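Trainee: Curious how this folds, go ahead:
(chains A and B)
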Amino acid sequence: MGRASDDPALKLRALEIRDTLRIAICGSVDDGKSTLLGRLLAEAGMIPDDRLQQMIRDSRKHGTQGGAPDYALLLDGLEAEREQGITIDVAWRYFGTDRRAFIVADCPGHAQYTRNMASGASNAELGIVLVDARAGVQTQTRRHVAILAMFGVTRVLFAVNKLDLIDYDVARYAQIEHECRELARTLGIARSDAIPVSALTADNLVVNSPRTPWYTGEPLLKFLETVEIPRRSDAPFALPVQWVNRPDQHFRGYTGSIASGRIAPDAEVVVLPAGTRARVARVIGGANDLDSAQAGDAITLTLAEQVDVSRGDVIADAAHPPEVSAQFACHVLWLGDAPLLPGRRYLLKLATRTLGAQITEIKHRIDPDTQAHLAATRLSANEIGYCNLSLDGDIAYRPYREDRTLGGFILIDRESNATVGCGTLDFGLRRNKNVHWQHLDVDRAARARIKGQQPRCLWFTGLSGAGKSTIANLVERRLHADGFHTITLDGDNIRHGLNRDLGFTDADRVENIRRVAEVAKLMLDAGLIVLVSFISPFRAERRMARALFNEGEFWEVFVDAPLEVCEERDVKGLYAKARAGDIANFTGIGSPYEPPENPEIHLHSDREAAAESARRVIEALFA
Amino acid sequence: MNTQAAAHTHLDRLEAESIRILRETVAECRKPVLLYSIGKDSSVLLHLLLKAFHPARPPLPLLHVNTTWKFREMIAFRDAIAREKGVELIEHINQEGLARGINPITHGASVHTEIMKTQALRQALAQHGFDAAIGGARRDEDPARAKERVFSLRGAGQRWEPRKQRPEPWGLYNARLSNDETLRVFPLSDWTELDVWLYIRRENIPVVPLYFAAERPVIERNGALLVYDDDRMPLNAGETPRMRRVRFRTLGCWPLTAAVESDAADLDALIEEMLRTRQSERAGRIIDHDPSDSMERKKREGYF
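Mentor: Numbering: from 1, shown residues only, chains lettered A, B, ... in the order given. Below you'll find the predicted structure:
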């Protein structure tokens, strides 16, 4: 523990009422970030003896200081990072003094780990950026400050490290400090400071160093203990509803953590996005009724009126409610390994609301090193874009610079359920309600537009047992997960209903295909992506089907597997029956299969797994 | 609008965030459970759980994975608390391990922990179909936990895959699961051992008396002070339990948890002692004294 008061009772009281500072610390691999943090904690007496001993033992084995104590080892956690010598993820550090507890997001510095800075910066009240005194401000310094600024960190401290390696040269330090402050100013950081330090020799960490008499500011720990963080306390009240508490018919409470402002009984509130007004009856914290509660408190509200409120709604000050919109301009930092594609459907989670979303347009990509605007049609992992966002419904929001809770969101992949992006709302794109909708005939294009997709007919053809239905089913599942509207017409199923009057003569086979092709066309007109899974053995019939569609709408997908393979699989036992003479005209045995000459997609289902085939179809569809 | 908002203390902020996490778990998960291990962290978790859902009863059960080697005082405390708070408590014992007679003395700490704790936990979660298990683990306990998420994704067989973990900006937790996936949720992620004790003191939360110094029968083995809780552990030649004034910083299976000599008989003395001594919390856990990566390995295998 830090400098303890000698009176135990006073010390306990101090610890009980100390406050918190949330810090994001960023630096590049060689800036000595881990060494700085490790040394700071050790010097301040916050590392237990058994851990210090283990660090000294480990330093001899795999330290980077030639066997001397390597303070960075105090922080390393995962085997993988220790082996690779890199920090692959945000690590959370906790320490404290009598005055303040620190929650530190230790952010990796590599360009390819930009995404990991997001978690750390999102809640930080202070950013610490390490600068190597030998190199001064570098491209990555610029990137770190830019990302802190994007995530709303308004105060930054530059720790100019390795002062020992420039012989504590005051002129050089002054120059770096000036560059740092200029950088912060141009990137929109409200306030910045700088401290000259050396992690290796512990200069200016806990006490002022005799080697930098020219530095008259506070040592690092003292700065962290006393730096004042402006907290908005005049913002209007807003509570995202997290869970409706309804133990019996006599009690109906709305739980949540207050995003901004204060609330007290009798306050007039509005429930968004619906816009219903109500009055607060009780404000409950834990088991107690409160006179009032403020931003950050986890509370339960009851309302005087019976109104409809559910998870995801926002209860807000009726006089100053947040705005409501479904379309936004926003920044997006992409986290996923697969790129962000405009038009693809994701889930968005903002505060307690989750709903369908798509990026309709990437206006530009932002170079994190230069802030230049670059053209982009997709965003890869770690790239930042300025985008238009469209949601499936209205939400209550505030611009991110005003409110992190009501302006910050994540994007979730519908199939893998991974968190693939995060972003900040800039402003709502409100449709002007006085402009009338342009008159449009409701045609095929209009129906497709409302679904946000390109209608297609995917015609899977191939022998019985080749895997048509299996692959079509996987393709449909993926499309559906991405929010596309689909239908599958399967040979067996259609023969049980629409075509149950048809047999297997050549004439009936032609009629079978004609009807299915017409149905597929109607569904395509309705705006759907239609998957047809039919043996459809004859070229002429498939040509006939193709002729019903516009250029580019009909895709022949040849599911190709040799007859022997299909016969060996014989999932439905049909080949055995055909060989036994129980089924006449069975394709491949009593009747020919004419393979497509120029299919749009050719799948070799004997050589690759169905999932791989399905992936290739999806890829072709979005190529 | 009052602009003179009283500043939140660190404990206020920790409490509010933990309550938010508990509510989020209940709102987003199909069938959550709270893992109750009887220790101080579990006591804090239970206290927060009752606050989060007041006046409703907590809408999820507590699960205690009993290795059958817990101190008798722990079990008595557990049963009394469950009765008093009116919460549903499920006890799970690995019956197959019990039948095989697995124990920490003949099989050693690792085997016992793997079978009676890690495997038992996996069994219990699968058997009840829980999709989220809330635990009291803190990131400051061990360097291997420093990168753990609040909502930690576990794949098939409850395995922890470091590379599949989801970013959690703004505390936006993504609880959506695919087949075979489950979640571990850690509402106390940001708490330190000191925070836990300061909060217990502020809120007057009951904890197992073993945390406080008292005269207890102690044997000394390999430098560790073991409180002799029953006669299942054979004594070595020359070993006789002697009464010594000791307490525990962390509680587990009694043959695997070392006590420390102490005079700290109440919370103030305990916190004061903790600020003075310079041993990490888990130093008293014999199972962690394997090679230094043991915690990460155990986690990958489904340990908490």
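Trainee: Could you pull out the strands in chain B for me?
Mentor: Secondary structure of chain B (DSSP state E): strands located at B:32-35, B:62-65, B:89-92, B:132-134, B:151-154, B:182-185, B:214-221, B:224-227, B:242-247, B:260-261.
Trainee: ditto for the stretch 401-550 of chain A
Mentor: Assigned by DSSP state E, counting those that start in this stretch, the stretch 401-550 of chain A shows strands spanning A:408-413, A:419-428, A:456-461, A:486-490, A:529-533.
Trainee: Format these as JSON lines; extra columns: distance to residue B:82 and mean pLDDT.
Mentor: C-beta coordinates here come from the backbone N, C-alpha and C atoms, glycine included. Conversion of these to JSON lines gives the following (distance: least, Cβ to Cβ, whole Å; pLDDT from 0 to 100):
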{"stretch": "strand A:408-413", "distance to residue B:82": "37", "mean pLDDT": "97"}
{"stretch": "strand A:419-428", "distance to residue B:82": "36", "mean pLDDT": "95"}
{"stretch": "strand A:456-461", "distance to residue B:82": "58", "mean pLDDT": "95"}
{"stretch": "strand A:486-490", "distance to residue B:82": "50", "mean pLDDT": "93"}
{"stretch": "strand A:529-533", "distance to residue B:82": "54", "mean pLDDT": "95"}
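Trainee: Need the nearest residue in space to residue A:42, chain neighbours excluded.
Mentor: Residue nearest to residue A:42 in three dimensions, not counting chain neighbours: residue A:71, with 6.0 Å by Cβ to Cβ, 6 or more residues apart in numbering or on different chains.
Trainee: ok so, going back, which one of the strands of chain B lies nearest to residue A:61?
Mentor: strand B:224-227 (25.2 Å; Cβ to Cβ).
Trainee: for the record, mean pLDDT for that closest one?
Mentor: Confidence for strand B:224-227, expressed as mean pLDDT, is 91.
Trainee: residues making contact with that strand?
Mentor: B:71, B:210, B:216-220, B:233, B:244, B:246, B:248, B:254-255, B:257-261, B:284, B:286 (Cβ atoms under 8 Å, 6 or more residues apart in numbering or on different chains).
Trainee: cool, stretch A:476-485 as well?
Mentor: Contacts made with stretch A:476-485 from outside it, assessed by Cβ under 8 Å, 6+ apart, are listed as A:344-345, A:356, A:358, A:414-415, A:451-453, A:486, A:488, A:527-529, A:531, A:614, A:618.
Trainee: are any of those buried, and which?
Mentor: When burial is judged by neighbour count using 16 or more other Cβ atoms under 10 Å in any protein chain shown, the buried members of the contacts of stretch A:476-485 are A:344-345, A:358, A:414, A:452-453, A:486, A:488, A:527-529, A:531, A:614.
Trainee: Could I get the pLDDT score of the nearest residue in space to residue B:273 that is not next to it in sequence?
Mentor: In space, not counting the residues next to it along the chain, residue B:273 is nearest to residue B:264; the distance is 4.4 Å by Cβ to Cβ, 6+ apart. Predicted confidence (pLDDT) for residue B:264: 95.
Trainee: Could I get the buried residue list for stretch A:366-382?
Mentor: Of the residues in stretch A:366-382, A:366, A:368, A:376, A:378, A:379, A:381, A:382 count as buried by neighbour count, 16+ other Cβ under 10 Å.
Trainee: do you know how far the residue nearest to the fourth one when sequence neighbours are not counted is from chain B?
Mentor: Read that as residue A:378. Counting by Cβ to Cβ, 6+ apart, residue A:339 is the residue found nearest to residue A:378 once chain neighbours are left out, at 4.3 Å. With the distance defined as Cβ to the nearest Cβ, to the nearest Å, residue A:339 ends up 17 Å from chain B.
Trainee: ok, residue A:339 - contacts?
Mentor: Each residue near residue A:339 by Cβ under 8 Å, 6+ apart is listed here: A:378, A:379, A:380, A:381.
Trainee: closest to residue B:165 among the residues you listed?
Mentor: Closest approach to residue B:165 among these (Cβ to Cβ): residue A:381, at 14.9 Å.
Trainee: and that closest one, that one's in a helix?
Mentor: No: assigned with DSSP: H, G, I helix; E, B strand; the rest coil, residue A:381 falls outside any helix and is coil.
Trainee: where are the low-confidence patches of the chain?
Mentor: As the question left the chain open, I've gone with chain A. Counting by pLDDT under 70, chain A shows low-confidence ranges at A:1-6, A:29, A:76-88, A:111-112, A:232-233, A:430-441.
Trainee: wait, I meant chain B there
Mentor: Within chain B, the stretches with pLDDT under 70 are B:1-6, B:278-304.
Trainee: If we use 90, what do you get?
Mentor: By pLDDT under 90, the weakly predicted segments of chain B are B:1-7, B:103-110, B:140-148, B:155-165, B:178-180, B:221-224, B:228-240, B:250, B:252-257, B:274-304.
Trainee: Show me the domain layout of it.
Mentor: Structural domains assigned to chain B are B:10-195+B:293-300, B:208-288, following automatic domain parsing.
Trainee: Could you say which of those is packed most deeply?
Mentor: For the domains of chain B, the stretch with the most neighbours on average is domain B:10-195+B:293-300, a mean of 20; neighbours defined as mean count of other Cβ atoms under 10 Å in any protein chain shown.
Trainee: and residue A:124, what does it touch?
Mentor: Residue A:124 makes contact with A:22, A:23, A:24, A:105, A:148, A:151, A:153 under the criterion Cβ under 8 Å, 6+ apart.
Trainee: Neighbour-wise, which one of the residues you listed leads?
Mentor: Neighbour count (other Cβ atoms under 10 Å in any protein chain shown) singles out residue A:24 as the most crowded of the contacts of residue A:124, with 29 neighbours.
Trainee: how would you label that residue: helix, strand or coil?
Mentor: strand.
Trainee: Against chain B, how distant is it?
Mentor: According to Cβ to the nearest Cβ, residue A:24 stands 11 Å off from chain B.
Trainee: now swap in residue A:551 and tell me
Mentor: Residue A:551 sits 38 Å away from chain B when distances are taken as Cβ to the nearest Cβ.
Trainee: Pull the residues that contact stretch A:551-564.
Mentor: By Cβ under 8 Å, 6+ apart, the list of residues contacting stretch A:551-564 reads A:455-463, A:465-468, A:471, A:524, A:542, A:545-546, A:548, A:588, A:595-596, A:598-606, A:613, A:617, A:620-621.
Trainee: Please spell out the PyMOL selection for the buried subset of the residues you listed.
Mentor: Command for PyMOL, covering only those of the contacts of stretch A:551-564 found buried under the criterion 16+ other Cβ under 10 Å:
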select buried, chain A and resi 455+456+457+458+459+460+461+462+463+465+466+467+468+471+524+542+545+546+548+588+596+599+600+601+603+605+606+613+617+621
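Trainee: Kind regards, and thank you for your time.
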